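Peer 1: Got a predicted structure here, sequence first:
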Amino acid sequence: VQLQASGGGLVQAGGSLRLSCAASGRTFSKYVMGWFRQAPGKEREFVAHISRSGGMTYYTDSLKGRFTISRDNAKNTVYLQMNSLKPEDTAVYYCAAKWGSSYVAWGQGTLVTVSS
């Protein structure tokens, strides 16, 4: 599977953005999908993941309530809705496809910049 992330940009603190990640191929629904982010000078960190059907989601504790992951298997796309954005949310956001216990495919990343 190949992944293409989009939707990043510059937003003021308190604003919202929705990231999209489009997948190629006909096996999208077989993958658990995740979002990660990497802030300048920091290691990549987990943001959220969603089950194959979309019925189960999991978030890193610090982002619960502000970020929402969803997917549309008919469109081969996973989304990350980000609300009440803070300057510390500034990062490159990556989508990834998980097979078994490993993330096996990564998108190229989309930059989110939150100004104060």
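Peer 2: Perfect, thanks for sending it.

Peer 1: Could you work out the end-to-end span of stretch 49-59 for me?
Peer 2: From its first residue to its last, stretch 49-59 covers 7 Å (Cα to Cα, to the nearest Å).

Peer 1: Counting neighbours, which bits of that stretch end up buried?
Peer 2: The neighbour-count check on stretch 49-59 (16 or more other Cβ atoms under 10 Å) flags 49-50, 59 as buried. For every residue, glycine as well, the C-beta is placed using N, CA and C.

Peer 1: How about stretch 6-23?
Peer 2: 7-8, 11, 17, 19-23.

Peer 1: Stretch 65-79 now?
Peer 2: Across stretch 65-79, burial judged by 16+ other Cβ under 10 Å covers 67-69, 71, 73, 76-79.

Peer 1: ok, which pair from the buried residues of stretch 6-23 is furthest apart?
Peer 2: Val11 and Ala23 (24.9 Å; Cβ to Cβ).
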